[in-house]
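Q: here's my sequence, what's the structure:
(one chain, ligands or ions: 2)
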Amino acid sequence: MYNLSQINLLDRIREQYKMKNHLSPYLKFNRQEWASLRNTVPMTLTADELVSLQGINEDLSMDEVSEIYLPLSRLLNYYISNNFNRQAVLSKFLGKSQKTPYIIGIAGSVAVGKSTTARVLQALLTRWPEHRKVALVTTDGFLYPNRWLEDRGIMNKKGFPQSYDIKKLINFVADVKSGQDKVKVPVYSHLVYDIVEGEEIVIDCPDILILEGLNVLQGTINYTQANNRVFVSDYVDFSIYVDADLPLLHNWYVNRFLKFRAGAFSDPNSYFNHYSQLPEQEAVNIANRLWREINELNLIENILPTRERASLILTKGKDHKVDLIQLRK
Ligand SMILES: Nc1ncnc2c1ncn2[C@@H]1O[C@H](COP(=O)(O)OP(=O)(O)OP(=O)(O)O)[C@@H](O)[C@H]1O
Ligand SMILES: CC(C)(CO)[C@@H](O)C(=O)NCCC(=O)O
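A: Numbering: from 1, shown residues only. Ligands and ions are numbered 1, 2, ... in the order given. Below you'll find the predicted structure:
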């Protein structure tokens, strides 16, 4: 159940959305209209590519890949080529090389499928004839460690703006965008439920960086002297918000929790190891509580209000099938 202030906020968001629909900055496509766009350029996947895509997520349907993600990767590839051409013009003008990575941001609720979307796009963008190097980073790596959150009594705010080292995240995107090599990113483990001390990934001048996380469209720091706000999205060239109704998200979250319980939680290193011993109904109760008290609240307060900043909104229905695509004009 929502409390009154949450309901008011939801109403306000819906109202805003309706108003925006009237003068919408978005082109809207239903699934059929979008899928038909792939006919303008024949797009096929080889048997090997199909196998590697299935390895990303066993529940991912190949119809979804060919009807939704393949046309999207084609569109992105056009935007990226255009951006690189523009940089080549600038290089000519400056008389020195000016090439920086193209950054794609993917935002949305916990459990909506951001990381699956990111990995599918990474695989598809790599296969175009340009053979671009595509790196993938999740903003989870910029969460403060559990000890930091515990000291401040905010373990139940994991995923909320105050749980991220936003300065570190903004410095990271700024470094990548300015063409710096070997930029380091901390690693978060869902299994250990914490930042892994001493582990990092290195981002070394990719052509494209996909940055995935619930806060990609919200992160901001204040440069007080100049009273100037800097957003993560200032460095993002194209942003995607993956959207779905609350009951679907709740369902996907609980299902994933139960899947983890059957698999990863049985690992003694897992933070949730003790959940693997609990009867299923008790595990469902815990998942429901984590959803309601943390992730849903965060969605309503901090994530959903950023939706209309995205360059593209993908709205999913049942079974993760995308049924509405809204693209900024
Ligand atoms: N396109 C898809 N088809 C079928 N199942 C999917 C699809 N995308 C995601 N899922 C399922 O939905 C659940 C959430 O997916 P995923 O882990 O990609 O979400 P996420 O938004 O990255 O979550 P988090 O923010 O917690 O990291 C998983 O159980 C995943 O298997
Ligand atoms: C790490 C995040 C914030 C985002 O991926 C999320 O998966 C999470 O752990 N949320 C906290 C509540 C929960 O355990 O689901």
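
Q: going by C-alpha atoms from here, please, whenever you check contacts or count neighbours.
A: Noted.

Q: what is the subsequent helix or strand relative to the longest strand along the chain?
A: The single longest strand within the chain, with elements called by DSSP state E, is strand 194-203. Where DSSP states H and E defines the elements, the next helix or strand beyond strand 194-203 is strand 208-212.

Q: that next one near ligand 1 anywhere?
A: No. Legend: contact between strand 208-212 and ligand 1 by Cα under 6 Å from any ligand atom is lacking; minimum distance shown is 7.7 Å.

Q: tell me the helices and strands packed up against that strand.
A: strand 102-108, helix 114-127, strand 134-138 (3 or more Cα pairs under 8 Å, 6 or more residues apart in numbering; DSSP states H and E).

Q: how far is the longest one from where the chain is centred?
A: Averaging C-alpha coordinates over helix 114-127 and over its chain gives two centres that are 11 Å apart (Cα atoms, centre = their mean, to the nearest Å).

Q: count of neighbours near residue 109?
A: Taking other Cα atoms under 10 Å as the criterion, the count of residues near residue 109 is 26.

Q: now tell me what touches stretch 156-173 from outside.
A: The contact list for stretch 156-173 (Cα atoms under 8 Å, 6 or more residues apart in numbering) reads 139, 142-144, 149, 154, 183-185, 214-215, 219-221, 231-232, 235, 294-295, 298, 302.

Q: let's see it at 7 Å
A: For stretch 156-173, the external contacting residues (Cα atoms under 7 Å, 6 or more residues apart in numbering) are 142-144, 149, 219-221, 232, 235, 294, 298.

Q: out of these, which two sit at the greatest distance?
A: Within these, 235 and 294 form the most distant pair, 28.2 Å apart (Cα to Cα).

Q: on the three-state scheme, residue 327 is what?
A: strand (DSSP: H, G, I helix; E, B strand; the rest coil).

Q: right, and it touches residue 28 too?
A: Yes. Assessed by Cα atoms under 7 Å, residue 327 is found in contact with residue 28 at 6.5 Å.

Q: do a quick rundown of the helices in the protein.
A: 4-22, 31-36, 47-54, 62-64, 70-94, 114-127, 146-151, 166-177, 246-262, 280-290, 296-298 (DSSP state H).

Q: now residue 100. Nearest residue, chain neighbours left out?
A: residue 179 (5.0 Å; Cα to Cα, 6 or more residues apart in numbering).

Q: sorry, back to before: mean pLDDT added to the helices and strands packed on strand 208-212, as a markdown table?
A: A markdown table is the format used below for those (pLDDT from 0 to 100):
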| stretch | mean pLDDT |
| --- | --- |
| strand 102-108 | 98 |
| helix 114-127 | 94 |
| strand 134-138 | 98 |
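
Q: what residues does the stretch 101-250 of the chain have near ligand 1?
A: So the stretch 101-250 of the chain meets ligand 1 at 109-116 (Cα under 6 Å from any ligand atom).

Q: just the buried members of the residues you listed?
A: 109-115 (16 or more other Cα atoms under 10 Å).
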